[in-house]
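1. just coords:
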């Protein structure tokens, strides 16, 4: 069976660690977004939208500046 490595994403990885979530599925539930939307961000298919950034802000209390800094650090 072939396994596909999960790409690093600074923002998503930080959120999983900070809020002690098990995986992307738990993060999607925590944020109230679809797993598909989260997967597209993780794999670089889509960039985090303004709505996604605001959702992270609303659900976590993180500042927009910190969220944007983590996004700008990019993947890997």
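-> All right, it came through fine. Predicted model, so just to flag it, every value in this text is computed and none were measured.
2. residues making contact with stretch 15-29?
-> Here stretch 15-29 makes contact (Cβ atoms under 8 Å, 6 or more residues apart in numbering) with 6, 12, 30-31, 34-35, 37-39, 42, 56, 60. All C-beta atoms are positioned from the backbone trio N, CA, C, and that covers glycine.
3. Out of these, list just those in strands.
-> Among the contacts of stretch 15-29, none falls in strands (DSSP state E).
4. From the residues you listed, list the buried ones, please.
-> 12, 31, 37-39, 42, 56, 60 (16 or more other Cβ atoms under 10 Å).
5. can you give me the helices in the chain?
-> For the chain, the helices defined by DSSP state H occupy 10-18, 24-31, 35-42, 50-60, 64-73.
6. which regions of the protein lie under the pLDDT threshold?
-> For the chain, the stretches flagged by pLDDT under 70 are 1-2, 4, 75-76.
7. my guess is residue 70 meets residue 10, correct?
-> Yes: using Cβ atoms under 8 Å, residue 70 makes contact with residue 10 at a distance of 4.7 Å.
8. Out of those two, name the residue with the larger neighbour count.
-> Using other Cβ atoms under 10 Å, the more surrounded residue of residue 70 and residue 10 is residue 70, with 19 against 15.
9. What separation do you get for the residue lying closest to the more buried one once chain neighbours are set aside and residue 3?
-> Closest residue to residue 70 apart from its sequence neighbours, by Cβ to Cβ, 6 or more residues apart in numbering: residue 11 at 4.0 Å. From residue 11 across to residue 3, the span is 24 Å (Cβ to Cβ, to the nearest Å).
10. Now for the residue nearest to residue 70, how many residues are close by?
-> Quick note: residue 11 (other Cβ under 10 Å) scores 24 neighbours.
11. just the one 10 residues further on next, same as before
-> A total of 17 residues lie near residue 21 under the criterion other Cβ under 10 Å.
12. show me the contacts for the most centrally placed residue in the chain.
-> Centroid check for the chain by Cα atoms, centre = their mean gives residue 12 as the closest residue, at 2.9 Å. Counting by Cβ under 8 Å, 6+ apart, residue 12 makes contact with 24, 27, 38, 41-42.
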